[in-house]
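Enquirer: Next comes the sequence, and after it the predicted model I'd like to discuss.
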Amino acid sequence: MSGDLGLWRPRRDFDPRWVPHPVRYVQPPGPLASNHIYRSFTTPIPHGAVDYDGYPTTTASRPSSSGRDYRNVLASPRRSSLPLSPPTRLGPASRPPTPPPQEVLAGSWPPPGYGYDSILSPRDADDLICNGASTFKGYYDEIPNAPPGSRRFFAVMESEHYQRTDRAETNADAFRDISLTVTGPDDSAFPWMSLEQPCMTYCFGKYPGTTTLNYYVSGYGCTNPTVKVQGPVKPKKMKLISILDRLTKLELGLEEEDPEKLYSYLYGTLIHDPDKRSEPHKDMHTQIIDLITILSHVDWVDYSQLKNQVVAKFFDSMDPVRKHHFFHQLLLSSELYLRIHTQGHTDKSKRQLLMQLPPKIAWDLAVAQRWLENVGIKREQISSSQSTFSFELHSKKRQKEALLRFANVLKWPNIGEVQYILSETDTAEKPVEDRSADAMAWFTGVVLPGVTLPWLLMNSLIDCDRATGEALKYLTHMRPFSGFQYRAVTYWSHSCVVGRVLGALRGVNTIAGWIGPCNFSPDLKRTECVQVRQAPVPAELQRRLTTSDLDSMVRRTHPLGPSQEGYAVKNYDVLLPDFEDVSDGIRVEKLAFEPIRKQDVNRAKLGADAPLTFDATILFAIMGNSRPLKLKYDVDFIAAYPCYGGPHPLLRSYAYRAIKPDGDLLTLDKHPSAASWDLQPHDMPTLTLGHSPPHRRTHSDPYARTASQPVTSTAPVTVIEALGVSDNEVFARAWCASVGAHAVVANTHSTCLACAIREALAARVGVVIVTSGGKKAEGKGGVDG
């Protein structure tokens, strides 16, 4: 990717229809209101879900449920009776209206004024077929300084808008730190402009347990290229007190107006000037090069590596050598960061430099930026010869409010204890930031972009609830397929297939990478961490996306199909899910876990309470019978992008096959790509008569094929109509996890069937799950354990 934004397209033209508009939603009143400046470009948009901003404030009274002997605390009631904060919705001026189901929006086909044999002009076809439909584009970029063939993949909507997004809402300003812009405006939402790849802004889909098309596609690119940078030069040695003193001064910025002073400190104290006698490095450009060379030395910590991304383990270390090493590296990184961002450098020159930096140096700059924005250093003189330094946490209040929001959305069972600890009114209690390295990282705000934020957040919540004991201290981003049971409910990481499947249940929420509260499991202890075994989807079941797939994405999925001089009406159908024949005979019966025989060999080092690895199974009660589905594969569920003005016509060459959870799906025990169907397929654009699967209603029924005209075909997209109770969708997701099928999840209130099928084709995914979000009669308390 070129560092010059102006050269990034024609291949990627910044179509104003796609450019995400600024978020126009009003910040909810109360403790979450903040003047904090957004530093990352995470801009998920509220999508009509209940906004939990009515949570209780912190309290100075410890709740009775948090007695000293937490083991004797009675079990919490079922989730259906857990207290829930009063829901508050954003006003109509700030939130788009919730669209009615696509069935209500349905028009007719052929459209008024046209016959079945009519030919539409390109302009009329665009108005009648494409207006409001989702369209998909694929991109890829070469990674600078990486081995040949290293590319990053992206997929975006041609017309993304703040009222139409497939991403989850952010919920709190602090959660925006999950992503970081490398170049461009801080509120930019282009996935190719983030430091972390895939871009975490696009990680969480708008429905619990889902992701986005872009994040799914990005996973097939090169996300962590090997770029070896080993500089031979070391900096000058410095005492820790001198390092901290300089960091204190850097909070006010560089002495740009005094280049001589700037040069004198850098080369007199920090590093060596190899050309001091002949041509001193007084210009900013050569100083930047020298600092990059110094930071490239192998002795420095590489923060681009996952194992090093909990920064507090370094600056809050009990090892004085490790702590000294961190602050020395931080000082060099801060000097480099401030020089790059001086007023004398244009945005274009900064882009050209930053886009070419090796990952190790780019992540050094991320550490410096997060430190300078969130932590201050205060020096106090103890005596004439002694002084001490303390840290000022500028973002601690914001981090506490975000943590409380997190706990309320997840309906944390012991929320009263959390409120009490966060109030910090009890002098006998530890400060919240001193409870663990994860808590220190979270409450200081020194959180690196990427996958660590959800784990820092959850571990900080656990640290603020002493009733969790020692059993939940093993959660880490290094073992992402994890979750835990606590007081008769379970919570799951977004990476864990159990959470991805149970996220479909009504009453289950998702926030900042966690899904819950979910089903209780009798196979687990009352408080226990769980690691789930989930295998990658085999290559024979899911082909890898390639650059050719991205190049052809528009052509393969365009609503009109191949470009023509005229478009025949008979080659399109308007389709609707079967809302009439909806069965509610499926229920989640049990969440079961069986420990695998061969446990992790490193488990013994962690202690007797270290989490076991389990195989997860969900048992379903189906019309009096029990049906187990083992959650075997690491499958993704892609939240379908919203369309408007639907349902849209679907070109017949986009083949699909519709089945029901309590029908054909019960007898299908293998990946749909391996199944052959006797059906009337939607895959023959040359047919002269309209057609649909027998049970499906269309708007071309007068021309529908009869049952005496069967055609045998292998359908590339299987549509599972998981309407009715949310258990139907859970069953559909669990089936996908059992056979290794990725799926697109489409809610009928926001996405029509045609657009969902085309999105599945864009991702080369073989399944679409159609849902209506469950029934209101199920309530909002989740699933009883």
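Expert: Arrived safely, thanks for sending.
Enquirer: what's the average pLDDT for stretch 168-177?
Expert: Stretch 168-177 shows a mean pLDDT of 93.
Enquirer: what do you get for stretch 121-139?
Expert: Per-residue pLDDT values across stretch 121-139 average out to 94.
Enquirer: for stretch 320-335, same thing?
Expert: 97.
Enquirer: List the buried residues of that stretch.
Expert: 325-335 (16 or more other C-beta atoms under 10 Å). Backbone N, C-alpha and C define where each C-beta goes, glycine included.
Enquirer: So what's the gap between stretch 541-552 and the chain middle?
Expert: Averaging C-alpha positions (C-alpha atoms, centre = their mean, to the nearest Å) puts stretch 541-552 22 Å from its chain's average.
Enquirer: Use 730 as the first number for this chain going forward.
Expert: All set: I'll call the first residue 730, so the last point we hit is now stretch 1270-1281.
Enquirer: What lies in contact with that stretch?
Expert: For stretch 1270-1281, the external contacting residues (C-beta atoms under 8 Å, 6 or more residues apart in numbering) are 867-869, 880, 882-884, 946, 949, 1400, 1402-1403, 1468-1471, 1492-1493, 1495.
Enquirer: excluding its backbone neighbours, what's nearest P1251?
Expert: In space, and not counting its chain neighbours, P1251 is closest to K1319: 7.3 Å by C-beta to C-beta, 6 or more residues apart in numbering.
Enquirer: Verify the contact between that neighbour and L1348 for me.
Expert: Yes. With contacts counted by C-beta atoms under 8 Å, K1319 reaches L1348, the gap being 4.2 Å.
Enquirer: Longest helix in the protein, please.
Expert: Criterion DSSP state H: the longest helix present in the chain is helix 1049-1069.
Enquirer: How about residues contacting it?
Expert: Residues contacting helix 1049-1069 (C-beta under 8 Å, 6+ apart): 964, 967, 969, 972-973, 975-976, 979, 982-983, 995, 999-1000, 1013, 1016-1017, 1020-1021, 1023-1024, 1029-1030, 1040, 1043-1046, 1079, 1082-1083, 1090, 1093-1094, 1096-1098, 1100-1101.
Enquirer: on that earlier part again, and the residue nearest to P1251, how many residues sit next to it?
Expert: Other residues lying near K1319 total 17 when counted by other C-beta atoms under 10 Å.
Enquirer: With G878 instead?
Expert: G878, neighbours per other C-beta under 10 Å, totals 10.
Enquirer: if I look at it, how far off is P1009?
Expert: Computed with C-beta to C-beta, to the nearest Å, the distance linking G878 and P1009 is 42 Å.
Enquirer: C1372 too?
Expert: Distance from C1372 to P1009, counting by C-beta to C-beta: 62 Å.
Enquirer: And these two? Which one has more around it.
Expert: More neighbours surround C1372 than the other of C1372 and P1009, with 29 against 12 (other C-beta under 10 Å).
Enquirer: contacting residues for that one?
Expert: 861-863, 893, 1479-1481, 1484.
Enquirer: Please give the element, helix or strand, for it.
Expert: In this structure, C1372 sits in neither a helix nor a strand according to DSSP states H and E.
Enquirer: circling back: in the contacts of C1372, which residue is surrounded by the most others?
Expert: Ranked by the number of neighbours (other C-beta under 10 Å), those place C1481 first, at 33 neighbours.
Enquirer: from what I can see it touches P1376, true?
Expert: Yes. Using C-beta under 8 Å, C1481 is in contact with P1376, at 3.8 Å.
Enquirer: Would you confirm that T1342 belongs to a strand?
Expert: Yes. Remark: T1342 belongs to a strand, assigned using DSSP: H, G, I helix; E, B strand; the rest coil.
Enquirer: from what I can see it touches P1324, true?
Expert: Yes. When contacts are counted by C-beta under 8 Å, T1342 is listed as touching P1324 (7.0 Å).
Enquirer: Which one's more surrounded, those two?
Expert: Neighbour totals were compared for T1342 and P1324, and T1342 leads with 19 against 14 (other C-beta under 10 Å).
Enquirer: The residue lying closest to that one once chain neighbours are set aside - how many residues pack around it?
Expert: Of all residues not flanking T1342 in the chain, Q1260 sits nearest, at 4.4 Å (C-beta to C-beta, 6+ apart). Neighbours of Q1260 under the rule other C-beta under 10 Å: 24.
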